[in-house]
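Chemist: Could you work out the structure for the sequence below:
(2 chains)
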Amino acid sequence: MNLSVRMVTVLTSIGLLSGSFLATVGLLTQERIALNKQREIEAAIIQVVPGTYSSQRLYEEKDLSVYGGKDKEGTLIGFAIYASCIGFQDKITFMLGTNISFTRINSIKIIEQKETPGLGAKINDREFFLQYWENKDGSSPLRLRKPPVSSPEDLGPSEVNTITGATISSEAVLNTVNSTLERLRLLLKEGKLSSEEQDAN
Amino acid sequence: MPTKSIREEFVKGLWNENPVFRQLLGLCPTLAVTNAVINGFAMGIATAFVLIFSSLVISSIKKLIPSQVRIASYIIIIATFVTMADRFMAAFFPPISKSLGPYVPLIVVNCIILGRQEAFSSKNSVGRSLIDALGMSSGFVLAMLILSSIREILGMGTFLGHQVMGAWFKPWIIMILPPGAFITLGILLAIALQIERKTKSRK
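Modeler: Residues are numbered from 1 along each chain as shown, chains lettered A, B, ... in the order given. The predicted structure is shown next:
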C-alpha cells in the first residue's frame, strides 16, 4: 500500500476506534457523575438552609445558581445561593444560605477552593472562618473586621472576621456575597425568583 | 534481541531505571500532587493504569503503525486511556478526582508513558512490554508513595489522614506547598545518586 494512504488509514482508524470507545465510557459514567454533583449540591443546601425537606433550582446564570429550600409542607423557608469568586489562587465556590428575602445569612459552606494551605485554605475551617458567618444581618453590605476578633460574639451584626494573612481570600468571598445578595434582592423584587413561574416551565 | 530475563525486566523499573529517581521523568505530577498520600497513591495508580494498557495496545499493533505517524498514534491511544481513567475517577471516587483536579487529564503528557512506548513497547513483544510497564508503574507508584508520605507527615503530621505525630509537633506547612515538593525531591535524588555511586564503586 502507498505510504501516505497507509498513514491516513491507520490514524483515522485509531481515531475512530478510540472515539467510539470513549463515547461508550462517557455514556456509562455521565449519569453517575451528574448524580455525584447533584448529591453534593443537595447536601450543601440542607446544611445552609436547615430544615429543608425538598429543594428546587429557581434561577441560574454563569457562576450563580439559586435554590429554594422548602419544608415538609412545601413552604419556602430559605434560599441557597451557589456562587463563586476568584480567590488568591483559584476559583472559590461556595453555598450561602439566606432567609426568604435575602436579608439574613444562615451560614456559608465552601464547596471548592484551592487557596494556600495554612493561610487562605482556612476559609474552609469552622474555627477560623465559617463560624463568623453564622446568623449575620445581610440587609446592608457586610464588612470585614480587621484585625480579627477571637469570638463570634465580639462582631457586629453585619461584620465578619478576616483570616490573618489571608485578607484576599476573605475579601473575595465577602465582596461576592455582598454583590450577589444585592442583585438577588433586586431580582426578587422584579419577581424573577418565584417558584411558581419555574414550575410552569 | 531481548537479553534481560523477565525478572530483570520488571525489577529495573523499581530502581536501576526508576522513572522518577533515575530517569527524572514525569516530575510534574510527582511534584504537584504528592501533598497527601492518598493523592500521590491515586495519581500513581491512574498513571499505572494508563501505562499498562497503552503498552499492551501499542506493542500489539506496533507493526501496523507507519513510523511517520507513530507519535500521533501513541498519543491518541494514551489519551483514550487517560480520559477513561479521568471519567472513571469522577464517577466513582469524586473526592479524589476533585483533589487531583487537572492533573489526571495531564497524564497524557507524562513523559514516562510516551517514553516507554517509544523506547520499549514499539520494539518489544507484548509480554515483555507488559512486564516493563508493570515494573515502571510500580517504580512510579513507589516514588509517589515515598514523596507523599514524607510531605504529608512533615507538612500535616498525618499519614493517610490519621494523626501520627504527637501534639508537640508543629506541622511544617511549607512541606505541602510547592517548595516542599522541590526540597523533598532534591534530597531524595541526592540520596539516590549517593547510593548509586556507592554500589558502582564497589563493583
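
Chemist: For chain B, what lies in contact range of chain A?
Modeler: B:35, B:64-66, B:68-69, B:72-73, B:76-77, B:79-80, B:83-84, B:87-88, B:90-92, B:94, B:98, B:101, B:155, B:171, B:173, B:176-177 (Cβ under 8 Å from any Cβ of the partner chain). Placement of C-beta: from N, CA and C, glycine included.

Chemist: now the helices: where do they sit in chain A?
Modeler: A:3-48, A:167-189, A:195-200 (DSSP state H).

Chemist: if you compare those helices, which one is most tucked away?
Modeler: Ranked by average neighbour count under the criterion mean count of other Cβ atoms under 10 Å in any protein chain shown, the helices of chain A are headed by helix A:167-189 at a mean of 18.

Chemist: near chain B, anything from it?
Modeler: No: Helix A:167-189 stays clear of chain B (Cβ under 8 Å from any Cβ), getting no nearer than 15.2 Å.

Chemist: how distant is that helix from the center of its chain?
Modeler: The chain centre lies 12 Å from the centre of helix A:167-189; the measure is Cα atoms, centre = their mean, to the nearest Å.

Chemist: So which residues make contact with that helix?
Modeler: A:59, A:64, A:66, A:79, A:81, A:83-88, A:92, A:94, A:96, A:98, A:101-103, A:105, A:108, A:113, A:115, A:119-120, A:122-123, A:129, A:138, A:141-142, A:144, A:146, A:160-163, A:193 (Cβ atoms under 8 Å, 6 or more residues apart in numbering or on different chains).

Chemist: just checking: which of those also lie near chain B?
Modeler: Of these, not one also sits near chain B (Cβ under 8 Å from any Cβ).

Chemist: Mind giving me the PyMOL select for these, buried ones only?
Modeler: Remark: buried members of these, expressed as a PyMOL selection using 16 or more other Cβ atoms under 10 Å in any protein chain shown:
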select buried, chain A and resi 59+66+79+81+83+84+85+87+88+92+94+96+98+102+105+108+113+115+119+120+122+123+129+138+142+144+160+161+162+163+193
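
Chemist: In terms of mean pLDDT, which of the helices of chain A ranks lowest?
Modeler: Per-stretch mean pLDDT for the helices of chain A is lowest at helix A:195-200 (a mean of 46).

Chemist: follow-up on the earlier one: show me which of the residues of chain B next to chain A are buried.
Modeler: B:35, B:65-66, B:69, B:73, B:76-77, B:79-80, B:83-84, B:87-88, B:90-91, B:94, B:155, B:171, B:173, B:176-177.

Chemist: sorry, back to before: between the helices of chain A, which one is closest to B:T184.
Modeler: With Cβ to Cβ as the measure, helix A:167-189 is the member of the helices of chain A nearest B:T184 (26.2 Å).

Chemist: what's the strand or helix carrying B:P179 in contact with?
Modeler: Assessed by DSSP states H and E, B:P179 sits inside helix B:178-202. Defining contact as Cβ under 8 Å, 6+ apart, one finds that helix B:178-202 is touched by B:18, B:20-22, B:24, B:27, B:30-32, B:34-35, B:146-147, B:150-151, B:154-155, B:172, B:174-175.

Chemist: mind listing what's buried in it?
Modeler: B:180-181, B:183-185, B:188, B:192.

Chemist: Do me a favour and average the pLDDT over that helix.
Modeler: 90.

Chemist: thinking again about what came up before, mind listing which of the buried ones among the residues of chain B next to chain A are in helices?
Modeler: B:73, B:76-77, B:79-80, B:83-84, B:87-88, B:90-91, B:94, B:155.

Chemist: got those as JSON lines, with pLDDT columns?
Modeler: Shown next, in JSON lines, are these (pLDDT from 0 to 100):
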{"residue": "B:S73", "pLDDT": "93"}
{"residue": "B:I76", "pLDDT": "94"}
{"residue": "B:I77", "pLDDT": "94"}
{"residue": "B:A79", "pLDDT": "95"}
{"residue": "B:T80", "pLDDT": "95"}
{"residue": "B:T83", "pLDDT": "94"}
{"residue": "B:M84", "pLDDT": "94"}
{"residue": "B:R87", "pLDDT": "92"}
{"residue": "B:F88", "pLDDT": "92"}
{"residue": "B:A90", "pLDDT": "90"}
{"residue": "B:A91", "pLDDT": "91"}
{"residue": "B:P94", "pLDDT": "87"}
{"residue": "B:G155", "pLDDT": "89"}
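
Chemist: Can you pick out the most distant pair from the residues you listed?
Modeler: B:S73 and B:G155, at 41.0 Å, using Cβ to Cβ across these.

Chemist: element containing B:I52, please.
Modeler: In this structure, B:I52 sits in helix B:37-61 according to DSSP H and E.

Chemist: confidence score at A:K91?
Modeler: Value for A:K91, per-residue pLDDT: 89.

Chemist: The longest strand seen in chain A: how far from the chain's middle?
Modeler: Longest among the strand segments of chain A by residue count, using DSSP state E, is strand A:76-86. Centre-to-centre, strand A:76-86 and its host chain are 6 Å apart (Cα atoms, centre = their mean).

Chemist: Any buried residues in the helix holding B:I52, and which?
Modeler: B:37-59.

Chemist: Make JSON lines out of the helices of chain A and add distance to A:G74.
Modeler: JSON lines is the format used below for the helices of chain A (distance: least, Cβ to Cβ, whole Å):
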{"stretch": "helix A:3-48", "distance to A:G74": "16"}
{"stretch": "helix A:167-189", "distance to A:G74": "19"}
{"stretch": "helix A:195-200", "distance to A:G74": "10"}
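
Chemist: Ok, which of those comes nearest B:S121?
Modeler: Nearest to B:S121, of those and by Cβ to Cβ, is helix A:3-48 at 14.8 Å.

Chemist: Run the angle between that closest one and helix B:37-61 for me.
Modeler: 160 degrees (axes from the mean of the first three to the mean of the last three Cα atoms, to 10 degrees).

Chemist: Pick the one among the buried residues of helix B:178-202 closest to chain A.
Modeler: Within those, the smallest distance to chain A is 10.0 Å, found for B:G180 (Cβ to the nearest Cβ).

Chemist: Give me the residue at the spatial middle of chain B.
Modeler: When Cα atoms, centre = their mean is applied to chain B, the residue found nearest the centroid is B:F140 (3.2 Å).

Chemist: so who does it touch?
Modeler: B:13, B:18-20, B:26, B:44, B:47-48, B:51, B:112.

Chemist: Many thanks, I have nothing further to ask.
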